[in-house]
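A.B. asks: Generate coordinates for the sequence data below:
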Amino acid sequence: MLHIFSDVSPVMAAFLGTLFTWGMTALGASLVFFIKGANQKFLDSMLAFAGGVMIAASYWSLLAPAIEQSADSPVPTWFPAFIGFLLGGTLLLFIDKVMPMVDLDRYMNDIKDEKAKSRTALLMFSMTLHNIPEGLAVGVAFGAVAADGSGAALGGAIALALGIGIQNFPEGAAVSMPLYREGMGKKKSFLFGQFSGMVEPISAVIGASAVIIIEPLLPYALSFAAGAMIFVVAKEIIPGSHEKGNVNTASMSLMVGFAIMMMLDVALG
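C.D. replies: Residues are numbered from 1 along each chain as shown. So this is what the prediction gives:
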């Protein structure tokens, strides 16, 4: 595999690596096609599962790397994560306030409940936002290969793309399943689910092309996405999964989603 990436420019290598991560997001989103006759309890469980995935990803995929990358910065180690996290939540609060003024019917006309439309829009936005700094991180890793030139640096960049790709599998399902729960068709749920991963190749190219500029900002971007995701989980995902009375089932599903994402993040580094 190394020769495939070593024979192309760092920008192209980053693009190829994140095509894989996007593909894994799409693969996870495709699980929606295998749901047959799902009842409300199962659908509430899937929404809560998505919340668990998002909480775990917020720490192990976003906040922990942000703190680690801040170790050599001129500001205190905690500062980028603290500022980015609060700004991310503040942005989602603002978006939640202006959401009623957005014409969501153009894209979600098959979801009849207005509250459900707002919830799914926030979910999709936060998951997409979460994938941007991950794509940047892959781009920076491949961009750094040009300066380092060692096989170890290239191997590390490939391992990062592989790890993020595998982690993206449950994240794709965490978008498409809730969309289907709210009344969106399977095909459209899949398309929106995989779209959340489409930003990774784009941001990877940007990261590899501007590695010197992007790298210092990564801790802020990672924690910003974490704050956005936690806001959505707290305000929309958990209350939404409890609406129909399936509180215990939803709570356990959230824990299962958290545990699976935690396992993948820790195991894959």
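
A.B. asks: residue boundaries of the helices in the protein?
C.D. replies: Ranges of helices in the chain, per DSSP state H, are 2-6, 10-29, 40-56, 64-69, 79-98, 105-108, 114-148, 151-181, 186-209, 211-214, 218-232, 238-242, 247-268.

A.B. asks: Tell me which other helices or strands the longest one touches.
C.D. replies: For helix 114-148, the helices and strands in contact under the criterion 3 or more Cβ pairs under 8 Å, 6 or more residues apart in numbering; DSSP states H and E are helix 10-29, helix 40-56, helix 79-98, helix 105-108, helix 151-181, helix 186-209, helix 211-214, helix 218-232. Quick note: C-beta positions are derived from backbone N, CA and C, even for glycine.

A.B. asks: and what of the fourth one?
C.D. replies: In terms of contacts (3+ Cβ pairs under 8 Å, 6+ apart), helix 64-69 is packed against helix 79-98, helix 218-232.

A.B. asks: for those helices, which one ends up most surrounded?
C.D. replies: Among those, ranked by average contacts under mean count of other Cβ atoms under 10 Å, first place goes to helix 218-232 (a mean of 27).

A.B. asks: Including mean pLDDT, could the helices and strands packed on helix 64-69 go into CSV?
C.D. replies: Converted to CSV, the helices and strands packed on helix 64-69 look like this (pLDDT from 0 to 100):
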stretch, mean pLDDT
helix 79-98, 92
helix 218-232, 93
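
A.B. asks: can you give me the end-to-end distance of stretch 28-39?
C.D. replies: End-to-end distance of stretch 28-39 (Cα to Cα, to the nearest Å): 20 Å.

A.B. asks: Identify all contacting residues around it.
C.D. replies: Applying Cβ atoms under 8 Å, 6 or more residues apart in numbering, the contact partners of stretch 28-39 are 42, 46, 168-177, 179-180, 186, 189-190, 192-194.

A.B. asks: to the chain's geometric centre, what's the distance from that stretch?
C.D. replies: Between the centre of stretch 28-39 and the centre of its chain there are 20 Å (Cα atoms, centre = their mean, to the nearest Å).

A.B. asks: Any chance of the backbone angles for D110?
C.D. replies: Dihedral pair for D110: phi -90, psi -10, per degrees, to the nearest 10.

A.B. asks: How many neighbouring residues does it have?
C.D. replies: Neighbour count for D110, taken as other Cβ atoms under 10 Å: 13.

A.B. asks: How about the contacts made by the nearest residue to N246 once chain neighbours are set aside?
C.D. replies: Computed as Cβ to Cβ, 6 or more residues apart in numbering, the closest residue to N246 that is not its neighbour in sequence is D44, at 4.4 Å. Residues counted as contacts of D44 (Cβ under 8 Å, 6+ apart) are 181, 241-244, 246, 249-250, 253.

A.B. asks: Buried subset of those residues as a ChimeraX selection?
C.D. replies: Paste this into ChimeraX to select the buried members of these, with burial taken from 16 or more other Cβ atoms under 10 Å:
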select :181,241,242,246,249,250,253
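
A.B. asks: With pLDDT and distance to E114 as extra columns, can I get the contacts of D44 in TSV?
C.D. replies: Compiled in TSV, these are given as follows (pLDDT from 0 to 100; distance: Cβ to Cβ, whole Å):
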residue	pLDDT	distance to E114
R181	85	16
S241	92	18
H242	94	19
E243	88	14
K244	86	17
N246	91	22
T249	95	26
A250	95	22
S253	95	25
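
A.B. asks: So, low pLDDT: which residues of the chain?
C.D. replies: Low-confidence segments of the chain (pLDDT under 70): 1-3, 5, 37-38, 100-107, 146-152, 269.

A.B. asks: Thank you, goodbye.
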